Every structure is written in C-alpha cells, then in structure tokens.
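Enquirer: Quick one, fold the following:
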Amino acid sequence: MAKYLIPILSILIHFTVNAQEGFRLTGSVHDSLNGKFIHFYGIDYSGSNKPVRDSVKIVNGIFEYTGSLTTPALLTSVYIKEIPMFFGQIFLENKHIQLKVTPGKPYRFETTNNPVTAQYIQWRAATSDPFIKMYPLMNSIDSLRNAGADTSLIAEQEKTLHNFQQLKRQAEIEFVNTNPDVYLSLYWLSYSLFHSMQQQPAQLQSLYENLSPALKALPEAKEFEHKLATLQQIKPGNPAPLFSAPSPEGKSTSLEQFRGKYVLLDFWASWCGPCLEKIPELKRIHKEYGAKLDILGISLDQDKEKWITAIKKYQLNWHHVSELKYWSGNISKSYNISAIPATMLIGPDGNILAINPDLGKDLSKYVK
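Expert: Numbering: from 1, shown residues only. Model prediction:
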C-alpha cells in the first residue's frame with residue numbers, strides 16, 4: 001500500500017495547484033467571424049463546478065475564456081448560435097489550452113495541451129460507428145412519434161437504437177478496462193456506465209476496482225462509491241428513502257405524507273425536453289389511477305420561477321417539490337438519479353414497487 005502513497009499525493013497536489021490556477025482557453029478562428037460570440041455550455045454531471053454558461057467575443061480572429069474547475073475536467077459544448085455547423089465539444093481542464101477552429105461543414109476543432117480531449121477524440125474515432133448511426137436514428141424516432149407513425153415501425157427503430165447503445169456501452173467498458181489510470185475512465189464509469197448498468201452493480205464494482213489508486217482518491221470516485229452503495233438499496237422490495245422538500249408554495253412536503261397510497265415519483269426539470277414529452281403519459285396515469293395513486297414531481301430545476309412557470313404552463317396538476325439544486329439535491333442522490341426523466345413507483349407500505357416502469361403500458365399489475 002505504501003508504494004502508492006507518493007504517486008497519489010503528487011497527483012493530488014498537482015491537481016490542487018492546477019485547480020487554484022484555473023483554466024485559460026485561448027482560441028483562433030477565421031477573421032470572417034470577428035464580432036460574433038462563442039458560447040460555452042458545461043455539461044456537469046458531478047454538480048461540483050460553478051456553472052459554465054458563458055460567451056466571449058471574437059476580436060481579430062482570437063478569443064479567450066477563463067475560469068476554474070473543481071473536477072479534473074468538464075465536458076463543454078462550444079458553439080456560435082447563428083452558425084449551426086459551428087459546434088464542437090471539448091473537455092476543459094485547469095490548464096492553458098489552445099483551441100484552433102478551422103472553417104468547414106462542420107467546423108473542425110483542434111486543441112493542444114488538452115490530454116482529456118485528445119483521449120476522447122481518439123476513443124470516438126475508434127468507436128465511431130454507433131455514434132454516426134445513433135443520433136440520426138434518435139431524430140428519426142422523434143419525427144415518427146410526432147407524426148403519429150405506426151407503433152410497430154417506431155418499435156423496430158427503437159430496437160435498432162438499443163443495439164447501437166449497447167455497442168457504445170461496450171466501447172466505454174473496454175476503455176475503462178484498458179485505461180485504468182486516465183480521468184476519462186472515471187468519467188465514463190461515474191456517469192454514462194453507472195446510468196446504463198444499474199442492473200449490473202457487481203460489474204460496476206469490478207470496473208471500479210480496476211481503476212488506479214490515484215483515480216480512486218478523487219472526490220468523484222468517492223461519490224461513485226457512495227452511489228454504488230446506495231444502488232444496492234434502491235431496488236424493488238426495499239423501503240423507499242424518506243425525504244422532505246419545499247412545494248412551489250414553500251410548504252414542506254414529505255414522502256411519509258403519502259403512506260397508505262401508491263405514489264409515482266417523477267424526477268424531471270423544466271429544461272428537460274424528454275421530461276416534457278412524458279407529460280401526456282403522466283396525465284393519463286393521473287386521470288386513470290387518481291383515486292389510488294398520487295404523482296409527486298421532484299424537479300431538478302435551479303430557478304424557482306422557471307419551475308413554477310412550467311408547472312402552470314403544462315398544467316401539471318399533481319404534487320410537486322424541489323430542492324432547486326440541479327444534480328446536487330439530496331433526493332436525487334438518495335435515489336441514484338443520474339438521468340431524467342426517471343420514475344419510481346412506491347407502494348402503500350412505503351416499499352419500492354418498480355423503477356422506471358413503462359408509463360405507456362397498463363400499471364394495474366402494480367396498482368391493485
């Protein structure tokens with residue numbers, strides 16, 4: 001054990017110093033883009049960083065963006081609103097990163113002094129097939145749904161999509177197994193794989209054990225350990241974790257208040273498009289089972305006004321609570337919610353009956 005002490009400490013000290021210094025992203029683009037604003041949108045599944053929601057102006061073909069991260073890296077979308085083809089994703093790191101953007105359809109993004117992005121690009125290039133085919137297929141499924149197409153056709157495309165998602169997951173698993181000492185492995189494991197493999201906790205544990213001691217010493221790894229331990233408790237037949245949170249009116253609402261009735265926990269947010277698409281199904285359930293079943297919406301919003309506005313706009317006439325903490329809320333953590341929409345059906349005795357039940361189907365096998 002002692003032989004790992006110095007490497008771990010050196011890595012942590014290096015990360016701490018870099019975190020204090022923060023990141024500096026300097027970029028160069030074609031002069032034709034002078035005067036436009038480049039936008040940055042951080043995708044922070046950890047909830048540990050200050051929100052990256054910013055823009056900078058291009059002057060004389062260059063721009064600069066600075067900040068700091070709590071995590072070693074943060075997946076960030078880089079784009080110009082007026083140019084759909086100007087879109088790329090990089091991992092910000094607490095380093096001085098150079099970004100060169102070359103015109104094209106789409107624009108080409110290249111970074112230097114940015115090892116996590118380099119690893120990500122290499123991985124995507126080696127596993128491109130599911131990505132190339134998956135996203136157009138997702139758009140096709142959405143179009144078919146909106147057009148009211150035959151359900152069998154949609155089901156066929158969803159099956160194909162599921163196969164591509166499995167290929168993507170397998171590629172992530174292989175990366176974690178073969179790269180136990182790079183941050184991207186912890187990233188895949190903590191967020192993408194944890195979400196897609198919640199029915200295989202033993203395999204998740206095995207993948208985690210394969211990581212280097214230095215990665216396991218990071219705060220995100222400790223959070224993963226906690227989520228994995230909680231995962232053993234969040235399963236049908238076990239008691240649902242108790243909680244209380246403010247309603248839109250500011251009144252404390254607790255899960256215990258629903259004891260004796262079925263309750264469907266609906267984890268959502270006003271900014272979540274797929275959550276809003278689930279509203280018709282929730283309304284049908286509310287109407288069909290309202291005498292026996294209550295719906296309790298648990299929002300991951302941060303902005304109280306947007307949360308309340310969405311409730312009124314979409315006429316979500318059931319119970320609601322929110323900690324207004326995005327992904328950092330205690331409720332979502334206690335239920336291992338890593339993606340939304342997510343639902344959980346709780347029985348009158350307070351035990352979990354089903355996790356993400358198919359809301360489009362009959363729930364009578366649960367609700368007696």
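
Enquirer: residues near Y208, how many?
Expert: 21 (other Cβ atoms under 10 Å). For the C-beta atoms, the positions are set from N, CA and C on the backbone; glycine is no exception.

Enquirer: before we move on, what about K365?
Expert: K365 has 10 nearby residues by other Cβ under 10 Å.

Enquirer: quick one: it is in a strand?
Expert: No - counting by DSSP: H, G, I helix; E, B strand; the rest coil, one finds K365 to be coil, located in no strand.

Enquirer: Per-residue pLDDT of it, please?
Expert: Looking at K365, its pLDDT stands at 86.

Enquirer: mind listing the strands in the stretch 51-200 of the chain by residue range?
Expert: 53-57, 62-67, 73-80, 83-93, 96-102, 108-112 (DSSP state E, counting those that start in this stretch).

Enquirer: nope, the stretch 201-350 of the chain is what I meant
Expert: Using DSSP E, counting those that start in this stretch, strands in the stretch 201-350 of the chain cover 244-246, 252-254, 262-268, 293-299, 319-322, 342-346.

Enquirer: Redo the ones you listed as a markdown table? Include mean neighbour count and distance to I58.
Expert: Shown next, in a markdown table, are these (neighbours: other Cβ atoms under 10 Å; distance: least, Cβ to Cβ, whole Å):
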| stretch | mean neighbour count | distance to I58 |
| --- | --- | --- |
| strand 244-246 | 16 | 43 |
| strand 252-254 | 14 | 48 |
| strand 262-268 | 24 | 37 |
| strand 293-299 | 23 | 36 |
| strand 319-322 | 22 | 38 |
| strand 342-346 | 22 | 39 |
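
Enquirer: Spell out the residue ranges of the helices in the stretch 1-150 of the chain.
Expert: 5-21, 115-126, 128-146 (DSSP state H, counting those that start in this stretch).

Enquirer: How about C275: what's its closest non-neighbour residue?
Expert: Residue nearest to C275 in three dimensions, not counting chain neighbours: W268, with 3.8 Å by Cβ to Cβ, 6 or more residues apart in numbering.

Enquirer: And for Q89?
Expert: In space, Q89 is closest to S77, 5.4 Å off (Cβ to Cβ, 6+ apart).

Enquirer: rewinding a little: isn't the residue nearest to C275 right next to S299, touching?
Expert: Yes - with contact defined as Cβ atoms under 8 Å, W268 reaches S299; the gap is 6.0 Å.

Enquirer: for D266, what are its contacts?
Expert: D266 sits next to 278, 282, 295-298, 341, 343 when contact means Cβ atoms under 8 Å, 6 or more residues apart in numbering.

Enquirer: who's in contact with stretch 66-74?
Expert: 15, 19-25, 42-44, 46, 48-50, 52, 54, 91-94, 116, 183-184, 187, 218-220.

Enquirer: Tell me the buried residues in it?
Expert: For stretch 66-74, burial by neighbour count (16 or more other Cβ atoms under 10 Å) applies to 67, 69, 71-74.

Enquirer: Kindly check the end-to-end length of it for me.
Expert: End-to-end distance for stretch 66-74, by Cα to Cα, to the nearest Å: 13 Å.

Enquirer: Ok, stretch 169-186 next?
Expert: 14 Å.

Enquirer: now it, how far from the centre of its chain.
Expert: Averaging C-alpha positions (Cα atoms, centre = their mean, to the nearest Å) puts stretch 169-186 18 Å from its chain's average.

Enquirer: next one: stretch 50-61
Expert: 23 Å.

Enquirer: Contacts for it, please.
Expert: Under Cβ under 8 Å, 6+ apart, the answer for stretch 50-61 is 28-31, 33-42, 44, 63-65, 67-68, 70, 74, 76, 92.

Enquirer: out of the residues you listed, which are buried?
Expert: Here, 16+ other Cβ under 10 Å leaves 29, 33, 36, 38-42, 44, 63, 65, 67, 74, 76, 92 buried among those.

Enquirer: ok, so of those residues, who is nearest G350?
Expert: Closest approach to G350 among the buried ones among the contacts of stretch 50-61 (Cβ to Cβ): D44, at 32.7 Å.

Enquirer: bridging residues for the nearest residue to the closest one once chain neighbours are set aside?
Expert: Nearest non-adjacent residue to D44, counting by Cβ to Cβ, 6+ apart: L74, 5.9 Å away. Taking DSSP bridges as the rule, L74 bridges to L92.

Enquirer: how much space is there between L74 and S46?
Expert: 8 Å (Cβ to Cβ, to the nearest Å).

Enquirer: count of neighbours near L228?
Expert: L228: 18 neighbours (other Cβ under 10 Å).

Enquirer: Now the longest helix along the chain: buried residues?
Expert: When the chain is parsed with DSSP state H, its longest helix is helix 151-178. Within helix 151-178, the residues scored as buried using 16+ other Cβ under 10 Å are 154, 161, 164, 167-169, 171-173, 175-176.

Enquirer: shaky segments in this structure?
Expert: 1-20, 135 (pLDDT under 70).

Enquirer: could you pull out the helices for the stretch 201-350 of the chain?
Expert: 201-209, 213-216, 219-231, 273-277, 279-289, 304-313, 330-334.

Enquirer: Same list (the ones you listed) but as TSV, adding distance to Y191.
Expert: Shown next, in TSV, are these (distance: least, Cβ to Cβ, whole Å):
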stretch	distance to Y191
helix 201-209	12
helix 213-216	14
helix 219-231	9
helix 273-277	17
helix 279-289	26
helix 304-313	24
helix 330-334	13
